[in-house]
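Trainee: Sharing a model prediction with you, sequence too.
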Amino acid sequence: MKVVLAGDLDAAEWVAWRAALAQAMPEAQWLAPDEARQHAAEVHAAVVANPPPGSLAGLPALRLIQSLWAGVDRLLADATLPAGVPVARMVDPAMSAAMAETALWATLALHRGFFTYQQQQGDGLWRQHPQRRADEVNVLVLGRGAMGSAVAQRLAAQGYAVRTWGRDNPAGLPPLVAAAEIVINLLPLTPATRGLLGARFFAGMRAGAALLNFGRGAHVVDGDLLAALDSGRLRHAVLDVFHAEPLPPQHRFWSHPRVTVLPHAAALTDPRSAAAVAAANLRALGDGQPLAHLVDSQRGY
Ligand code: GLV
């Protein structure tokens, strides 16, 4: 099987991915987009990592586009994507485990005041704050997919009072948001969730609550979040994803005392495990078996 490997990858990353994929699936021929176009009629599958728009143009024989990214919003926004070709998301337990670790770190830091102590150190301030138990902290996880579920399970195992919300329950959101002290966003970015984390959402949050955004930058209305942080309505935000990445140097999130910025590193795709996940789906394609983790183009994820 000839497979095109396309992505927003530098040369070293491209080589590393090709090596991992070739190891997971030595029987495939792994081609760069330019090579693939020379064999267009024989290229039946694409493995993609956030590919620049147009990367898959001119490949009419494609029968599967396997993403190495969990979120496929940018991929689906590419108007040159061959129409009607199934797209599969990356669902990798190693990635979900990494996300659960990041969520646990941020939740612990908020619950035990470690972000506050870090700031106090900067001010040379020695001051203890009340120490609460994990079961006194209500956490709401938005999204019940692979990542949301892994995060909810890890936090519950750590003793937190965890609730989850999915888009099948729109009426249930306000009371859950009102009760939560920490809201963790792991929703897919779709037309229905874009801008969900805006003024109305923040007004419905508990005073002094915190937001962890591990979904996509476009879930958040930045100006509304800054207003909620400036007014003290929100105590803290941990942000891993942004409208523009890298986050522009002049953006206020960088220097805001109530914001912790991560460089889209909450859960990186691990080539070792993700290559095996991709290979399993490509083999299913070759064998005419059902494909896993297909995106529903109506739902957008
Ligand atoms: C990362 O954000 C991903 O979608 O894999």
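Mentor: Thanks, I have it. Numbers count the residues shown, from 1 in each chain.
Trainee: going forward, measure contacts and count neighbours with C-alpha atoms only.
Mentor: Fine.
Trainee: what does the protein have sitting close to the ligand?
Mentor: W69, A70, G71 (C-alpha under 6 Å from any ligand atom).
Trainee: Now do the buried residues in the longest helix seen in the chain.
Mentor: As assigned by DSSP state H, the longest helix anywhere in the chain is helix 93-112. By neighbour count on 16 or more other C-alpha atoms under 10 Å, the buried set for helix 93-112 is 94-104, 106-108, 110-112.
Trainee: Residues in contact with it: which ones?
Mentor: Contacts to helix 93-112, defined as C-alpha atoms under 8 Å, 6 or more residues apart in numbering, come from residues 114-115, 131-132, 134, 137, 146-147, 150-152, 154-155, 182, 184, 210, 212, 238, 266-270, 273.
Trainee: C-terminal to it, what's the next element?
Mentor: Reading on from helix 93-112 to the C-terminus, the next helix or strand found by DSSP states H and E is helix 114-122.
Trainee: buried ones in stretch 265-284?
Mentor: Across stretch 265-284, burial judged by 16+ other C-alpha under 10 Å covers 266-267, 269, 271-283.
Trainee: What mean pLDDT does that stretch get?
Mentor: Model confidence over stretch 265-284, given as mean pLDDT, is 96.
Trainee: can you check stretch 220-229 too?
Mentor: Taken as a whole, stretch 220-229 carries a mean pLDDT of 98.
Trainee: In that stretch, which residues are buried?
Mentor: Of all the residues in stretch 220-229, those buried under the rule 16+ other C-alpha under 10 Å are V220, V221, D222, D224, L225, L226, A228, L229.
Trainee: Could the C-alpha coordinates of it be exported in CSV?
Mentor: In CSV, the C-alpha atoms belonging to stretch 220-229 read as follows (Å, rounded to 0.1, in the frame of the first residue of the first chain):
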residue,chain,number,x,y,z
VAL,A,220,-12.6,30.7,24.1
VAL,A,221,-13.5,34.3,23.5
ASP,A,222,-10.2,35.8,24.6
GLY,A,223,-11.5,39.2,25.4
ASP,A,224,-14.3,37.8,27.6
LEU,A,225,-11.9,35.5,29.4
LEU,A,226,-9.5,38.4,30.1
ALA,A,227,-12.4,40.5,31.4
ALA,A,228,-13.5,37.6,33.7
LEU,A,229,-9.9,37.2,35.0
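Trainee: which residues touch that stretch?
Mentor: Contacts to stretch 220-229, defined as C-alpha under 8 Å, 6+ apart, come from residues 194-199, 202, 234-237, 253, 258.
Trainee: so for the longest helix of the chain, what's the average pLDDT?
Mentor: The pLDDT scores in helix 93-112 average 98.
Trainee: can you give me the angle it makes with helix 114-122?
Mentor: If you take axes from the mean of the first three to the mean of the last three C-alpha atoms, to 10 degrees, helix 93-112 sits at 60 degrees to helix 114-122.
Trainee: rewinding a little: just the ones in strands from the buried residues of stretch 265-284, please.
Mentor: Judged by DSSP state E, strands contain none of the buried residues of stretch 265-284.
Trainee: Distance-wise, check S255 relative to V261.
Mentor: As for S255, its distance to V261 is 9 Å (criterion: C-alpha to C-alpha, to the nearest Å).
Trainee: wait, L68
Mentor: Going from L68 to V261 by C-alpha to C-alpha gives 24 Å.
Trainee: F114 too?
Mentor: Going from F114 to V261 by C-alpha to C-alpha gives 15 Å.
Trainee: Neighbour count: the two, which is higher?
Mentor: More crowded of F114 and V261, by other C-alpha atoms under 10 Å: V261, with 18 against 14.
Trainee: And the more buried one, how close does it get to L104?
Mentor: Note on V261: its distance to L104, by C-alpha to C-alpha, is 16 Å.
Trainee: Nearest to the ligand within the stretch 201-301 of the chain, name that residue for me.
Mentor: Residue nearest to the ligand within the stretch 201-301 of the chain: T269 (6.2 Å; C-alpha to the nearest ligand atom).
Trainee: Wait, that residue touches N50, no?
Mentor: No. Judged on C-alpha atoms under 8 Å, T269 makes no contact with N50 at a distance of 11.5 Å.
Trainee: Need the overlap of contacts for those two.
Mentor: Counting by C-alpha under 8 Å, 6+ apart, the residues touching both T269 and N50 are L68, W69.
Trainee: returning to that earlier point: could you pull up phi and psi at the residue of the stretch 201-301 of the chain closest to the ligand?
Mentor: Backbone torsions for T269, taken as degrees, to the nearest 10, come to phi -70, psi 130.
Trainee: Identify the residue nearest it in space, chain neighbours excluded?
Mentor: Distances taken as C-alpha to C-alpha, 6 or more residues apart in numbering put M95 closest to T269, at 5.9 Å, once the chain neighbours are dropped.
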